[in-house]
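Asker: Pasted the sequence and its predicted model underneath.
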Amino acid sequence: MDLQQHKPGKFQRLLYLMLFIVVLLGISFFVVVFEQTKYQQAVESRETSLKLAEELRQSSSDLARLVRSYVITGNPVYKQQFQAIVDIRDGKRARPENYSPAYWEYQANTIAMPDSQTGTTVALVELMRQAGVTREELDNLTQSKAASDQLVALEHQAMSLVEQKIPASAQTRLRALMMLADDGFVAAKADIMGHIIATEQMIIARTEQTVRRADQRLKLATFVLFLLGGILVWLIFSVGKAIRQIIGCPVPELERTLVNIGNGDFLTPIRLVEDNKNSVLAWLAKTQQKLAELNWAHFKAIIDSSDDAIISKNIHGIVSSWNRGAEKIFGYSANEMIGQPLTCIIPHERQHEEPEILARIAAGEKVDHFETQRLHKNGKLVDVSVSISPIYDSKGGVIGASKIARDISIAKAAEAEIQRLAFYDALTGLANRSLLQDRLQQLSNKASRGHFTFAVLFMDLDNFKTLNDTQGHAAGDALLQEVARRLQSVVRASDTVARFAGDEFVVLLASEHNADPTSVDWLETVMDKIIQVLAQPYQVAGISHRCTVSIGAAICRHPLFDGSELMKQADHAMYQAKYAGKNCYQIFRHEAATG
């Protein structure tokens, strides 16, 4: 397919334009953020400047209020607060945290001076300069501050007047108050406020213009941002339309087509119309056709080269195809098997499986991973995992089955080895503790149901450590293996012989069916034979070694059916045999254990 016929020039132009708009959107976004920051800074500068001017105004009022309070009451706290305001304003004292015009109104009822060591030390005039006020505004505020400082000197004179003689007389206090209320004081106060008001008006006029310009730039940048966003949406729609013309169908349909081809569906036809014969969809249709041709060739090659047996048969079980994997697994060639019934490779005891499988296939069912055994040509059984699917004709009727058989003999052998390692002792091949515990529980359950008796024999070799220490562990291992072989030769195949630990062995011995439940003759007969057989010399490590055994026995009788308790009893009886001189047995008796 020639994709150039779909006007890639227009499509590329749309993409380039979209990229350009995206870049502009990014720039506009940063401009909006920048202008927003500038706007916030302008607003904050205005608020800070006005707040500092208000602080100067309020400090002048607070000083007048505090000096009058001191003159009237003589309370030194008012003088301390007066001096604190002056020092904070001059940068000689740290500004308290959250310092505001209303701060000293709040402190009016406080007896102690507030802690001022937590704030910063900076003069009010310097704060105004840092806030960005103009030179003219700063000059006005400086003049106001100078006039306020002159009043401070007058207020100090008033406080000094009442301090000349303590306590001050009413007449002295009146004279001091008159100093704080005469025409000169009021005129100075008016001059201070006049400069502050003029400065505030200048700040408002200046910052209002700055805020207005920042707001206008912010609105313009926001408008451009939304305009570019609208253009981008239009471009996305246009590019989507161009993409649909190129691919020849909606994107979900293309996705389904790709999924079908990816899943190996090379047979479902792809529908094309006149407008999309030169589209991606048309190219996929041609690709699908080529893949279908290749798939058939690959399918045939895969069948011939597969290690799995791939077999087809008709509804009657007659073989119709037989690949090389089947020849390898079952030993029969294709010439030998095609036309023959599949039952010839099915063992006699599994002949019932084929009719059952054919019945399920005829019903349209599929058989997945059915594990069974089949016969090799040499007569050996082969473990296989079989999956069988129906074969349909053009009308949907079942005409046969396709069968894939995988040789799982190695996996089965590995599974058996894992089972052996889990339940059998690696050195002797006897049952280990896990299997012993399971068998003991089974016998206990059987005995609890009545009319059944069994015994637990706990054995410990008497002269094993000497051989192990003098001749080495290899000699000890060889002796343990021979002990295991001799024990198995004495008891029945239905009895359990287990290696418990080191040179300790356990035998679970079931009684004879016709044995008297109160008699122990059957048990003593077996133990005598075990002692006799194990006492025979052992030829290990080039020497003859004699090793005897001490046996403790516990019999399971009503009402005791607890396997762990029987083990304890047998172990106790074994130690009694040791104390009795070894190379003998002892049967646990409750009276002897408690007496």
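Answerer: Received the coordinates, thanks. Residues are numbered from 1 along each chain as shown.

Asker: use CA for all of it now, contacts and neighbours both
Answerer: Fine.

Asker: for Ser312, what are its contacts?
Answerer: Residues in contact with Ser312 (C-alpha atoms under 8 Å, 6 or more residues apart in numbering) are Val319, Ser320, Ser321, Trp322, Gly400, Ala401, Ser402, Lys403.

Asker: For the helix or strand hosting the third one, what does the pLDDT average out to?
Answerer: Okay, so that is Ser321. Element membership of Ser321 [criterion: DSSP states H and E] is strand 319-322. Across strand 319-322, pLDDT averages out at 87.

Asker: Stretch 414-428 now?
Answerer: Computed over stretch 414-428, the mean pLDDT rounds to 82.

Asker: Please spell out which residues along it are buried.
Answerer: Buried residues in stretch 414-428, defined by neighbour count with 16 or more other C-alpha atoms under 10 Å: Arg420, Phe423, Tyr424, Asp425, Thr428.

Asker: Residues contacting stretch 168-179, please?
Answerer: Residues outside stretch 168-179 that contact it (C-alpha under 8 Å, 6+ apart) are Arg68, Val71, Ile72, Leu154, Ala158, Met159, Leu161, Val162, Phe185.

Asker: most surrounded residue in these?
Answerer: Using other C-alpha atoms under 10 Å as the neighbour test, those are led by Val71, with 27 neighbours.

Asker: is it true that that one touches Ala158?
Answerer: Yes. Counting by C-alpha atoms under 8 Å, Ala158 is a contact partner of Val71 at 7.4 Å.

Asker: What are the buried residues along stretch 346-353?
Answerer: Buried residues in stretch 346-353, counted by 16+ other C-alpha under 10 Å: Ile346, Pro347.

Asker: List the residues that contact Arg486.
Answerer: For Arg486, the contacting residues are Val533, Leu534, by C-alpha under 8 Å, 6+ apart.

Asker: where's it relative to Val549, distance?
Answerer: 12 Å (C-alpha to C-alpha, to the nearest Å).

Asker: Between these two, which contacts overlap?
Answerer: Leu534.

Asker: now for the contacts of Ser312, which pair is the farthest apart?
Answerer: Trp322 and Gly400 (14.0 Å; C-alpha to C-alpha).

Asker: Kindly export the longest strand seen in the chain (C-alpha atoms) in PDB.
Answerer: Identified as the longest strand of the chain according to DSSP state E is strand 381-392. Output of strand 381-392 as PDB, limited to C-alpha atoms (Å, rounded to 0.1, in the frame of the first residue of the first chain):
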ATOM      1  CA  LEU A 381       4.500 -48.200  29.500                       C
ATOM      2  CA  VAL A 382       4.900 -44.500  28.600                       C
ATOM      3  CA  ASP A 383       3.400 -41.800  30.900                       C
ATOM      4  CA  VAL A 384       1.600 -39.200  28.700                       C
ATOM      5  CA  SER A 385      -0.500 -36.100  29.100                       C
ATOM      6  CA  VAL A 386      -3.200 -36.000  26.400                       C
ATOM      7  CA  SER A 387      -5.300 -33.100  25.100                       C
ATOM      8  CA  ILE A 388      -8.000 -34.000  22.600                       C
ATOM      9  CA  SER A 389     -10.200 -31.600  20.600                       C
ATOM     10  CA  PRO A 390     -13.100 -32.400  18.200                       C
ATOM     11  CA  ILE A 391     -12.700 -32.000  14.400                       C
ATOM     12  CA  TYR A 392     -15.700 -30.500  12.700                       C
END
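
Asker: If you count neighbours, what's buried in that strand?
Answerer: Neighbour-count burial for strand 381-392, counted by 16+ other C-alpha under 10 Å, picks out Leu381, Val382, Asp383, Val384, Ser385, Val386, Ser387, Ile388, Ser389, Pro390, Ile391.

Asker: Look up phi and psi at the closest residue to the fifth one other than its chain neighbours.
Answerer: Going back to what we said before, that points to Ser385. In space, and not counting its chain neighbours, Ser385 is closest to Glu371: 4.4 Å by C-alpha to C-alpha, 6 or more residues apart in numbering. Glu371 adopts backbone torsions of phi -90, psi 130, taken as degrees, to the nearest 10.

Asker: do the same with Val549
Answerer: Dihedral angles (degrees, to the nearest 10) for Val549: phi -140, psi 140.

Asker: Would you mind measuring from it to Gly230?
Answerer: From Val549 to Gly230 the distance is 98 Å (C-alpha to C-alpha).

Asker: More neighbours: those two, which one.
Answerer: Applying other C-alpha under 10 Å to Val549 and Gly230 shows that Val549 carries more neighbours, namely 26 against 12.

Asker: you'd agree that one is up against Lys582?
Answerer: Yes. Assessed by C-alpha under 8 Å, Val549 is found in contact with Lys582 at 6.8 Å.

Asker: Between those two, which contacts overlap?
Answerer: Counting by C-alpha under 8 Å, 6+ apart, the contacts common to Val549 and Lys582 are Asp462.

Asker: The longest strand of the chain - what's its average pLDDT?
Answerer: Per-residue pLDDT over strand 381-392 has a mean of 87.

Asker: So in that sheet, which strands flank that strand, and in what orientation?
Answerer: Using DSSP bridges, the strands paired with strand 381-392 are strand 367-375 (antiparallel), strand 398-407 (antiparallel).

Asker: how about these in CSV, adding mean pLDDT and distance to Val122?
Answerer: Formatted as CSV, the strands paired with strand 381-392 follow (pLDDT from 0 to 100; distance: least, C-alpha to C-alpha, whole Å):
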stretch, mean pLDDT, distance to Val122
strand 367-375, 85, 87
strand 398-407, 85, 90
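
Asker: Point out the most buried one among the ones you listed.
Answerer: Comparing the strands paired with strand 381-392 by mean neighbour count (mean count of other C-alpha atoms under 10 Å), strand 398-407 comes out on top with a mean of 21.

Asker: Let me know the angle separating the very next helix or strand once past that one from strand 367-375.
Answerer: Next helix or strand after strand 398-407 toward the C-terminus (DSSP H and E): helix 409-423. Helix 409-423 and strand 367-375 meet at an angle of 90 degrees, taking axes from the mean of the first three to the mean of the last three C-alpha atoms, to 10 degrees as the criterion.

Asker: So what touches helix 409-423?
Answerer: Outside helix 409-423, the residues that touch it by C-alpha under 8 Å, 6+ apart are Val382, Asp383, Val384, Ala431, Asn432, Arg433, Ser434, Leu435.

Asker: again, only using 10 Å
Answerer: Residues outside helix 409-423 that contact it (C-alpha atoms under 10 Å, 6 or more residues apart in numbering): 373, 381-385, 408, 424, 426, 429-436, 438, 498.

Asker: right, and the helix or strand after that helix?
Answerer: Heading C-terminal from helix 409-423, the first helix or strand you meet, by DSSP H and E, is helix 433-448.

Asker: what packs against that next one?
Answerer: Under the contact definition 3 or more C-alpha pairs under 10 Å, 6 or more residues apart in numbering; DSSP states H and E, helix 433-448 sits against helix 409-423, strand 454-461, strand 496-501, strand 504-510, strand 549-556, helix 563-579.

Asker: What residues sit buried inside the third one?
Answerer: Within strand 496-501, the residues that count as buried by 16+ other C-alpha under 10 Å are Thr496, Val497, Ala498, Arg499, Phe500.

Asker: from the middle of its chain, how far away would that strand be?
Answerer: Relative to its chain's centre, strand 496-501 lies at 44 Å (C-alpha atoms, centre = their mean, to the nearest Å).

Asker: Give me the contacts around it.
Answerer: By C-alpha under 10 Å, 6+ apart, the residues outside strand 496-501 that reach it are 423-425, 427-437, 439-440, 456-460, 480, 484-485, 487-488, 491, 504-510.

Asker: sorry, back to before: just the closest of the contacts of stretch 168-179 to Glu97, please.
Answerer: The shortest approach to Glu97 among the contacts of stretch 168-179 belongs to Arg68, at 26.7 Å (C-alpha to C-alpha).

Asker: Lys165 versus the residue lying closest to the closest one once chain neighbours are set aside, what's the distance?
Answerer: Leaving aside its chain neighbours, Arg68 sits nearest to Leu177 (6.6 Å; criterion: C-alpha to C-alpha, 6+ apart). From Leu177 across to Lys165, the span is 16 Å (C-alpha to C-alpha).
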